[in-house]
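S.K.: Got a predicted structure plus its sequence, pasted below:
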Amino acid sequence: MAELPVRVLIVDDERYLAEMIASALRLEGWHAVVACSAEDAVAKALDFEPSAIVLDVMLPGTDGFALFAALRAKGVDAPVVFLTARDATEDRIRGLTIGGDDYVTKPFSLEELIARLRAVMRRAAITVPRGACLRVADLMLEEDSREVRRGDRLIELTPTEFELLRFLMLNARTVLSKAQILDRVWNYDFGGTANVVELYISYLRRKIDGGAEPLIHTVRGVGYVLRPPL
C-alpha cells in the first residue's frame, strides 16, 4: 500500500507566519493547509483530516485551548503542537495537561518546529519519511548522516551552510529569493539583512563549486538557483 503523505493543519491568525510555516512543511514533502480562525480550523480539520496540527493559543474571539476542546469533541484526534507568544509556566502546563502533545514558544526556528512535529507524530505512530539522499549532478547530500560530497570529494559544512545547501537542493532548478532563504534557513524573526545570504552563498560556492563546474548561480535581481550544468 502506498504511504500517505503527512498532512499538517496550521492554525494562526498571523497569516504571514502561518503561510511561512506551511511553505517550510511543503518543502519537507508534506501537505500543509492554513486556517486563520477557529471556525475555519474546524471546517478544514474535518475535511483535511490532518496528521498533526500546529495551533496558536491566541486567536481572535477564542483561544487555542477552547479550539482544541472543540476539535476533540468533533473527533479530530491528531496530535497538537501549541504555538504561542506566552511563556508563562501555567500556560505550558495547561496546554499539555488538557491533552496537547507539545508546546513551542515564539520566537522559534522553523527547524525546531519541524523537529517537534516529527517527534509528536513518531509518538503517535504516524509514519514520517526518513531523511533523503539528495542529488544534483555529481553533488550528493545525505540528510541523516549530514554527509556532503561533490564527486569523490567529501565537503565539510557548518550547520548553517548545510541547511542552506539542503534548501537549494530541495528546490533545484527553482530560483529562490533572498527573503525566501532567510525565512527558511534562519529564524523567521531574524533581525539581520539579506547580506547574510550573500555571505553564505559565497561560502558555499567556494566549498561546492571550487575547482568544478558551477552549480550555484545568481539570477540578477531575483535570487539564487542550484541547477546541474547545461
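M.R.: Looks like it arrived, so ask away. Not measured: the values here are computed from a predicted model. Residues are numbered from 1 along each chain as shown.
S.K.: residue ranges for the strands of the chain, please.
M.R.: 7-11, 31-35, 52-56, 58-59, 62-63, 80-84, 102-105, 133-136, 139-142, 147-150, 153-155, 216-219, 223-226 (DSSP state E).
S.K.: Rebuild the ones you listed as CSV, extending it with mean pLDDT and mean neighbour count.
M.R.: Where you see a C-beta, it was placed from the backbone N, CA and C, and this is true even at glycine. Listed next are the strands of the chain as CSV, based on pLDDT from 0 to 100; neighbours: other CB atoms under 10 Å:
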stretch, mean pLDDT, mean neighbour count
strand 7-11, 94, 26
strand 31-35, 92, 20
strand 52-56, 92, 26
strand 58-59, 84, 18
strand 62-63, 83, 15
strand 80-84, 85, 24
strand 102-105, 82, 18
strand 133-136, 87, 14
strand 139-142, 92, 19
strand 147-150, 93, 17
strand 153-155, 93, 13
strand 216-219, 94, 14
strand 223-226, 94, 21
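S.K.: Go through those and name the closest to E163.
M.R.: Comparison of those against E163 by CB to CB identifies strand 139-142 as nearest, at 10.6 Å.
S.K.: and for that closest one, what are the contacting residues?
M.R.: Strand 139-142 is contacted from outside by 131, 133-135, 147-150, 162, 165-166, 169, 208, 215, using CB atoms under 8 Å, 6 or more residues apart in numbering.
S.K.: Work out the sheet partners of that strand and label each with its direction, please.
M.R.: Strand 139-142 has these partner strands in its sheet, going by DSSP bridges: strand 133-136 (antiparallel), strand 147-150 (antiparallel).
S.K.: JSON lines for those strands, including distance to P60?
M.R.: Output for the strands paired with strand 139-142, formatted as JSON lines (distance: least, CB to CB, whole Å):
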{"stretch": "strand 133-136", "distance to P60": "40"}
{"stretch": "strand 147-150", "distance to P60": "45"}
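S.K.: I'd like to know which of the ones you listed is closest to V219.
M.R.: V219 lies closest to strand 133-136 among the strands paired with strand 139-142, at 16.5 Å (CB to CB).
S.K.: Could you single out the nearest of the contacts of strand 139-142 to F65?
M.R.: Nearest to F65 among the contacts of strand 139-142, with distances taken as CB to CB, is G131, at 34.0 Å.
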